[in-house]
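**Q** just to be clear, the model below is a prediction. Sequence and coordinates:
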Amino acid sequence: MKLHINGTVRDVEEPGDTPLLWVLRDELGLVGTKFGCGMAQCGACTVHLDGKPTRSCVLPAASVGDRHVTTIEGLSKDGPHAVQKAWLEADVVQCGYCQSGQLMTAAALIEAKPDPTDNDIDAAMSGNVCRCGTYQRVREAIHLAAKIRKGAAK
Amino acid sequence: MRHGLFVTSALAAVAAVTFGSLVSCGGPPASSTPPVPTREQGLAAWGTINTVLQHPRCRNCHPSGDAPLQGDDSRPHVMNVQRGPEGEGRIGEQCTACHGPANPPASYGEHTPPGEAKPWHMPPPDMKMVIVGMAPGPLCEQVKDPSRNGHKDMKALREHWDDPLVTWGWNPGLGRAPVPIPHDQLVAAFETWSAAGAPCPQ
C-alpha cells in the first residue's frame, strides 16, 4: 500500500491491519512516535491525520487511505516548530517519552486556536498522559508557543 | 387527539375485517394494507424501542451531561472527553482522534476504541437528545418531537434506525454487549408504534 507520510508517498509492505504506529516505527524508521498503552488511552502515539491529532496505535494502516500523515519528524519543514521552540524555552521535558505526542496535540491546538485559554489547553491535552507530571510546564509552553507563532506570523 | 386517533384506528380495523369477509365471499381482491395497530399494541411496541434506546450502545452517546459514557456499565468516558461545540469533541480531543473508521481488528484486543465509517460523534449541544435518566413517557414524547429529536419526522426517524452509527450497536466489536433485541424486531416495533399513532405511556 502507499501512504502519504510527512509530505512524501511511501510504499509500505506491512499487512493492512498493522497499526499505523508499527508501520511508522518498524518499517519506516520514524521512531519519534512512541508506543505507550496500545489502546488509545495515553496519547504517546499521536500523529496528525489531515492535520488532526489521531492515535496511531489503534489505526490499521489500511484505514489511512489517501489521508496525509504527519509525525513529529515532519511537524515543521523549516526548523523547529513554535511548540518545539517553546518546549525548549520552558524546559518542559523530564523523561521525554510522552513528549512527541504532547507536541503533536499542542501543535494542532494552536493551529485551530491561535490564542488558547487555560481551559482550551486542559481540554485539548486531557488525552495526553505524562507520567512525570509535566502538565504545568506543558500549559506554560503552549501559551509561549502561541506567542512565538503569532510573532512569526507578523 | 390521541382518542381521535384511536377511534380512527378502530374504524379502520373494523373496515379491514369487513373487507376481508367480502374477499372470502368471492368479492374484490384482498388489500395488502395491514390492520391499524391498536394503542395498546403501539404502547407495547414503544416498550421495545425504549429498551433499545436505554441499552448502553445507544445511551452512552446520549448522556444527560456533556461527557459521553463508555462500557456496558455506562461509566464516564476517560480522558475528560466532552461534547464540544459541534458534538464532535473538543479541539485536540475530538472523537475521531481515537474512534476510527471501523472497529479495530480482534487482534488488537479488548479495550480499544470502537469505530465506524460515519465519523463518531455525539448530538450537538443545542440538540442534546438526552436518553440517560429519561423515563419511558418523556423519552417517547421527545423522540417524536421534531424540535427535540434533530428535526426528524416519522420517515426520518425510521431511516435513523439504519444510520451506520445506530446499526453499529449490533456490531460493537470485542468486549461490548450488542443491543439484545434484533434490529429487524426494532424496526417492526417502530413501524407498529408509528402506525398506531406513536402513542406514549403516561
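**A** Arrived safely.

**Q** secondary structure class for whatever residue of chain A ends up closest to chain B?
**A** Nearest residue of chain A to chain B, counting by Cβ to the nearest Cβ: residue A:124, 2.7 Å away. For glycine as for every other residue, the C-beta is placed from the backbone atoms N, C-alpha and C. At residue A:124 the chain is in helix, as set by DSSP: H, G, I helix; E, B strand; the rest coil.

**Q** right, and it touches residue A:109 too?
**A** Yes. Contact criterion Cβ atoms under 8 Å: residue A:124 and residue A:109 qualify, at 4.3 Å.

**Q** what is in contact with those two at once?
**A** Common neighbours of residue A:124 and residue A:109 (criterion: Cβ atoms under 8 Å, 6 or more residues apart in numbering or on different chains): A:116, B:91-92.

**Q** does any part of stretch A:87-104 sit near chain B?
**A** No. Applying Cβ under 8 Å from any Cβ of the partner chain, one finds stretch A:87-104 separated from chain B by no less than 9.5 Å.

**Q** could you chop chain B up by domain?
**A** B:1-36, B:38-195 (automatic domain parsing).

**Q** likewise for chain A?
**A** Chain A breaks down into these domains under automatic domain parsing: A:2-74, A:82-153.

**Q** quick check, the host helix or strand of residue A:22 touching chain B?
**A** If you go by DSSP states H and E, residue A:22 is part of helix A:20-22. No. Judged by Cβ under 8 Å from any Cβ, helix A:20-22 makes no contact with chain B; its nearest approach is 9.8 Å.

**Q** parallel or antiparallel, list what pairs with the next helix-or-strand element following that helix.
**A** Where DSSP H and E defines the elements, the next helix or strand beyond helix A:20-22 is strand A:46-49. Note on strand A:46-49: by DSSP bridges, its sheet partners are strand A:52-55 (antiparallel), strand A:68-70 (antiparallel).

**Q** in a markdown table, list the ones you listed along with mean pLDDT.
**A** Formatted as a markdown table, these follow (pLDDT from 0 to 100):
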| stretch | mean pLDDT |
| --- | --- |
| strand A:52-55 | 97 |
| strand A:68-70 | 98 |
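
**Q** winner for burial among those strands?
**A** strand A:52-55 (a mean of 25; mean count of other Cβ atoms under 10 Å in any protein chain shown).

**Q** quick check: residues of chain A near chain B?
**A** The interface of chain A toward chain B, taken as Cβ under 8 Å from any Cβ, is made up of A:17, A:19, A:38-41, A:46, A:52-55, A:58-60, A:63, A:105-106, A:108-109, A:112-113, A:120, A:122-127.

**Q** quick check: nearest residue in space to the residue nearest the centre of chain A, chain neighbours excluded?
**A** Among the residues of chain A, the one closest to the centroid is residue A:104, at 2.2 Å (Cα atoms, centre = their mean). The shortest distance from residue A:104 to any non-neighbouring residue, by Cβ to Cβ, 6 or more residues apart in numbering or on different chains, is to residue A:46 (4.4 Å).

**Q** so what's the residue count around the closest residue to residue A:31 other than its chain neighbours?
**A** Using Cβ to Cβ, 6+ apart and skipping residues adjacent in sequence, the residue nearest residue A:31 is residue A:25, 5.2 Å away. Residue A:25 has 19 neighbours, counted by other Cβ atoms under 10 Å in any protein chain shown.

**Q** so what's residue A:25 scoring on pLDDT?
**A** For residue A:25, the pLDDT comes out at 98.

**Q** ditto for the one 3 residues further on
**A** Predicted confidence (pLDDT) at residue A:28: the value is 98.

**Q** next one: the one 10 residues further on
**A** Reading off the confidence values, residue A:38 has pLDDT 96.
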